[in-house]
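Novice: For reference, the sequence and a predicted model appear below.
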Amino acid sequence: MEKILQEFKEFAMKGNVVDLAIGVIIGAAFGAIVTSLVGDIIMPLIGAATGGLDFSNHFIPLSKSVTSPVLVEAKKQGAVIGWGNFVTVALNFLIIAFVLFLAVRGINSLKKRSEAATPAAEPTKSEVLLAEIRDALAAKSGAAASSPSSSPARAELLLEEIRDALAKK
């Protein structure tokens, strides 16, 4: 049982899980802000522009027993299609999606700038050895067949060094 708890603790404390949890919490708070923005600012402006139209109470009754003009009461009386509430929720989604698009776009722009400013990394020992092998083979193919050269010996030595370096990893 202790091993399972230890494994769970290691899993829960990994960066990705913690980051995800923080993202969900921030997302919920952000959703509340957007809901308030739409319900308290945007929809009243739309209502004022349309002569006091309030989308939240717009619905289509599906039975004759529904007589209330208020959505909450109408739902208690019978089945209704709350299209006004749907419009509000869809508007919330569009605003959230647009804000997230702008945030991701800004983050990607910052990443591109930082990648462009970052100098190229020094080549690894393996890359240097491979470049030397390439150069040695190019020199060998360009040299006259009759001229003795140390290039094959150097290439063999380099291959052994690469093998040893890879064996250590």
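Specialist: Okay, I see it.
Novice: which secondary structure elements does the helix ranked longest in the chain contact?
Specialist: Longest helix of the chain, by residue count under DSSP state H: helix 83-117. Counting contacts by 3 or more CB pairs under 8 Å, 6 or more residues apart in numbering; DSSP states H and E, helix 83-117 packs against helix 15-36. All C-beta atoms are positioned from the backbone trio N, CA, C, and that covers glycine.
Novice: give the contact list for residue 57.
Specialist: Applying CB atoms under 8 Å, 6 or more residues apart in numbering to residue 57 gives the contacts 69, 70, 71, 84.
Novice: Redo those as CSV? Include pLDDT and neighbour count.
Specialist: As requested, these are exported to CSV (pLDDT from 0 to 100; neighbours: other CB atoms under 10 Å):
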residue, pLDDT, neighbour count
69, 88, 10
70, 88, 11
71, 89, 17
84, 89, 18
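Novice: Which ones among those residues map onto helices?
Specialist: Counted as lying in helices by DSSP H, out of those, are 71, 84.
Novice: and which of the contacts of residue 57 is nearest to residue 167?
Specialist: residue 84 (70.5 Å; CB to CB).
Novice: show me what contacts the nearest residue to that closest one once chain neighbours are set aside?
Specialist: If the residues on either side of it in the chain are set aside, residue 84 comes closest to residue 58, at 3.0 Å by CB to CB, 6 or more residues apart in numbering. Going by CB under 8 Å, 6+ apart, residue 58 touches 71, 82, 83, 84, 87.
Novice: can you pull the contacts of the first one?
Specialist: Translated: residue 71. 56, 57, 58, 59, 80, 82, 84, 85.
Novice: Could you do residue 123 as well?
Specialist: residue 131 are the contacts of residue 123 under CB under 8 Å, 6+ apart.
Novice: so it is in which element?
Specialist: Counting by DSSP states H and E, no helix or strand carries residue 123.
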